[in-house]
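S.K.: here you go, sequence then predicted model.
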2 protein chains.
Amino acid sequence: MYVQVKFRIFVYVFSVMKELKYRHIQNYLKSKIQQGVFKVGDYLPSENELCMQFSITRTTVRKALDELLKEGFIEKQHGKGSRVRERRQSLGLLSVKGFSEAVGGNVKTVFIQKPVLAKWDTDIVLPVSYDDKNSPCCYFERLRFVGDRPVMREKNWMAYIALPSFLNTEFVDGSFFKTLSQKYFIEIIGSTQELRAESADRNNARLLKIEEDAPLLHISIKFFTSSAKLIIYSELYCHTSSYPVSNSYFL
Amino acid sequence: MYVQVKFRIFVYVFSVMKELKYRHIQNYLKSKIQQGVFKVGDYLPSENELCMQFSITRTTVRKALDELLKEGFIEKQHGKGSRVRERRQSLGLLSVKGFSEAVGGNVKTVFIQKPVLAKWDTDIVLPVSYDDKNSPCCYFERLRFVGDRPVMREKNWMAYIALPSFLNTEFVDGSFFKTLSQKYFIEIIGSTQELRAESADRNNARLLKIEEDAPLLHISIKFFTSSAKLIIYSELYCHTSSYPVSNSYFL
DNA sequence: TAGTGGTCTAGACCACGGT
DNA sequence: CCGTGGTCTAGACCACTAG
């Protein structure tokens, strides 16, 4: 009896430690993508090749690829292969129309405040988690332009301890999310948002070059990431009269 | 040679006609859910039972259930079973805070215009598809309250021919989407949206009982459905100062 | 302990894409 | 024609839930 119990505990601990086979393949491929070994547009090894490489069956390989598909890292093409795709930014987050369409030199992002240590601001609308409040806070602020017109002010906060070396990091392609993915291997896995139409206060009016009291779209977002420690809080102020905010969802 | 070609055509037609086994199970279960045979909270037959009922393997049954999971019709519980869940309304669509939370008698929806034949309105922001423009148009308009306060005006258009008997249909639980699902077996499968902060015009100000020129959140949505013929165009005007619009996205 | 869903194996045949 | 991904079979063992 005693032996049996010990055995069961051992089995339990072992099973908790063990990484599932399909998770292993999934994480292996994901890290290769994040590291840029497999670039956007590249084809992954075929399912049969992966079977041989890892000595597993196709069912398991397909399960791993299905997960990567769900996460938006790859797309599959019958008869051709699985290809790395640009990860969907449409994770329930809204994009300013013109930021995706206008791919010429039209779009510009300017730092108003490069990442610095700061206090947790009362401007943050969505509740800041308890752990975050007990950490120093890292803050940065940007202004986004379409052509010469400022269309969005973006304020971001997060726990300093979650990204220690972030203060001195150069942004990859000027993108915060790309930086998180490629330098820290952290992905956005979810978000909650609140949207309001407000009147522009003096500061926003000045930055976005609109009249005070003009209608302004205020979006409060809390981003959850693959790192449990890192939650990103953002407040966006969008001048939507020429460039509405848009998004799509399918499936 | 000639015979071979005929044979291949036959095979092709056959394969096009044939419903995949997992699709068959998927559609079977989906229709039972939509018809209310399996209600929200009910457990579906176990995977092994479905195997026996349809004389197929568990792999195939699981594929069918995975699809239903992705579509949001069921949730799985290890060791218990697969349960019908309230289908996610969060298909990229935003819900007014308070409409989901306030489940008491607090929320009210009032028709300003019951479904009628109308013209395609120029108020529709997103492009109306060519086929739709050539059909008569069905229109209805509602006003949504939290308590006694009007918080959202909702205008809806769609092709009359896609839902012939809709003009005389009673809404299920006062919900348009529930009506589509339970009476027509049509589900929302995607949407695109545009959001703007605007100043309230006289009409919206009157209906929402706010001042003219107060900031108003204007959401334009195009819903795509499981019926290729039916696309729904909506324009929402939200008074967000007390009840912001919110949504969440995960995975 | 019985029944459920979760993972995995070792095959098979098919449809699609390009040579 | 061959290699790719898509579907499907017939098993096996495991972990979770509940009586």
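M.R.: Received it, and whenever you're ready, just let me know what you need.

S.K.: pull up the residues of the stretch 51-200 of chain A that are close to DNA strand C.
M.R.: Proximity of the stretch 51-200 of chain A to DNA strand C, by CB under 7 Å from any atom of the strand, involves residues A:55, A:56, A:57, A:58, A:59, A:60, A:63, A:77, A:78, A:79, A:80. For glycine as for every other residue, the C-beta is placed from the backbone atoms N, C-alpha and C.

S.K.: one more time with 6 Å, if that's ok
M.R.: By CB under 6 Å from any atom of the strand, the part of the stretch 51-200 of chain A that sits against DNA strand C consists of A:56, A:57, A:58, A:59, A:60, A:78, A:79, A:80.

S.K.: compute the inter-axis angle for the helix or strand containing the fourth one and helix B:58-71.
M.R.: According to DSSP states H and E, residue A:59 maps onto helix A:58-71. Here helix A:58-71 points in a direction 0 degrees away from that of helix B:58-71 (axes from the mean of the first three to the mean of the last three CA atoms, to 10 degrees).

S.K.: okay, buried residues for helix A:58-71 please.
M.R.: A:60, A:61, A:62, A:63, A:64, A:65, A:67, A:68, A:71 (16 or more other CB atoms under 10 Å in any protein chain shown).

S.K.: contacting residues around that helix?
M.R.: A:21-26, A:29-30, A:44, A:47-48, A:50-51, A:54, A:74-76, A:82, A:87, A:187, B:59, B:70, B:251 (CB atoms under 8 Å, 6 or more residues apart in numbering or on different chains).

S.K.: 7 Å instead?
M.R.: With CB atoms under 7 Å, 6 or more residues apart in numbering or on different chains as the test, helix A:58-71 has contacts from A:21-22, A:25-26, A:29-30, A:47, A:50-51, A:74, A:76, A:82, B:251.

S.K.: which among the residues you listed end up buried?
M.R.: A:21, A:22, A:25, A:26, A:29, A:30, A:47, A:50, A:51, A:74, A:82.

S.K.: any idea which of the buried residues of helix A:58-71 is the one closest to chain B?
M.R.: Closest approach between those and chain B, by CB to the nearest CB: residue A:71, at 7.7 Å.

S.K.: looking at this, residue A:240 is in a strand?
M.R.: No. Counting by DSSP: H, G, I helix; E, B strand; the rest coil, residue A:240 is not found in a strand; it is coil.

S.K.: which residues of chain A fall in helices?
M.R.: Assigned by DSSP state H, chain A shows helices spanning A:2-17, A:21-34, A:47-54, A:58-71, A:130-133, A:176-184, A:202-208.

S.K.: next, format those helices as a markdown table and append mean pLDDT.
M.R.: Compiled in a markdown table, the helices of chain A are given as follows (pLDDT from 0 to 100):
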| stretch | mean pLDDT |
| --- | --- |
| helix A:2-17 | 40 |
| helix A:21-34 | 94 |
| helix A:47-54 | 95 |
| helix A:58-71 | 95 |
| helix A:130-133 | 89 |
| helix A:176-184 | 87 |
| helix A:202-208 | 94 |
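
S.K.: domain parsing for chain A?
M.R.: Chain A breaks down by automatic domain parsing into domains covering A:2-84, A:95-246.

S.K.: could you give the bridge partners of residue A:215?
M.R.: Counting by DSSP bridges, residue A:215 is bridged to residue A:199.

S.K.: quick one, what contacts it?
M.R.: A:197, A:199, B:197, B:198, B:199, B:215.

S.K.: give the bridge partners for the residue nearest the centre of chain A, please.
M.R.: Among the residues of chain A, residue A:188 comes closest to the average C-alpha position under CA atoms, centre = their mean, at 3.0 Å. Beta-bridge partners recorded for residue A:188 (DSSP bridges): residue A:225.

S.K.: which ones among the buried ones among the contacts of helix A:58-71 also lie next to DNA strand D?
M.R.: A:47, A:82.

S.K.: which of the buried ones among the contacts of helix A:58-71 sits closest to residue B:144?
M.R.: residue A:74 (40.6 Å; CB to CB).

S.K.: could you check how far that closest one is from residue B:153?
M.R.: Counting by CB to CB, to the nearest Å, the separation of residue A:74 from residue B:153 is 42 Å.

S.K.: same check, this time on residue A:132
M.R.: Noted for residue A:132: a distance of 38 Å to residue B:153, by CB to CB.

S.K.: I'd guessed residue A:182 sits against residue A:33; true?
M.R.: No. Contact criterion CB atoms under 7 Å: residue A:182 and residue A:33 do not qualify, at 9.8 Å.

S.K.: more neighbours, the two?
M.R.: residue A:33 (22 against 16; other CB atoms under 10 Å in any protein chain shown).

S.K.: near DNA strand D, which residues of the stretch 51-200 of chain A are found?
M.R.: A:59, A:62, A:76, A:78, A:79, A:81, A:82.

S.K.: which of these fall within strands?
M.R.: A:76, A:81, A:82 (DSSP state E).

S.K.: out of the residues you listed, flag the one nearest to residue A:111.
M.R.: So of these, ranked by how close each gets to residue A:111 (CB to CB), first place is residue A:82, at 37.3 Å.

S.K.: beta partners of that closest one?
M.R.: Counting by DSSP bridges, the residues bridging with residue A:82 are residue A:76.

S.K.: which residues of the stretch 101-250 of chain A score low on pLDDT?
M.R.: A:101-106 (pLDDT under 70).

S.K.: for chain B, what's the nearest residue on it?
M.R.: Using CB to the nearest CB, residue A:249 is the residue of the stretch 101-250 of chain A that sits closest to chain B, at 2.4 Å.

S.K.: give me the beta-bridge partners of that residue?
M.R.: Note on residue A:249: beta-bridge partners by DSSP bridges are residue B:191.

S.K.: contacting residues around residue A:237?
M.R.: By CB under 7 Å, 6+ apart, the residues touching residue A:237 are A:152, A:153, A:204, A:208, A:216, A:218.

S.K.: neighbours of the third one, how many?
M.R.: In this case it means residue A:204. Neighbour tally, residue A:204, other CB under 10 Å: 18.

S.K.: what's the closest non-adjacent residue to it?
M.R.: residue A:237 (5.1 Å; CB to CB, 6 or more residues apart in numbering or on different chains).

S.K.: state the distance from the one you found to residue A:143.
M.R.: Distance of residue A:237 to residue A:143, computed by CB to CB: 10 Å.

S.K.: now for these two: what residues contact both?
M.R.: Common neighbours of residue A:237 and residue A:143 (CB under 7 Å, 6+ apart) are residue A:153.

S.K.: and residue A:165, how far from residue A:115?
M.R.: Per CB to CB, residue A:165 is found 11 Å from residue A:115.

S.K.: neighbour count winner among these two?
M.R.: residue A:115 (20 against 8).

S.K.: how about that one: what's its closest non-neighbour residue?
M.R.: Leaving aside its chain neighbours, residue A:115 sits nearest to residue A:140 (4.3 Å; criterion: CB to CB, 6+ apart).

S.K.: who's that neighbour bridged to?
M.R.: Beta-bridge partners, per DSSP bridges, of residue A:140: residue A:156.

S.K.: list the residues that contact it.
M.R.: Residues in contact with residue A:140, defined by CB under 7 Å, 6+ apart, are A:111, A:113, A:114, A:115, A:156.

S.K.: mind doing that once more with 8 Å?
M.R.: Residues near residue A:140 by CB under 8 Å, 6+ apart: A:111, A:113, A:114, A:115, A:116, A:156.
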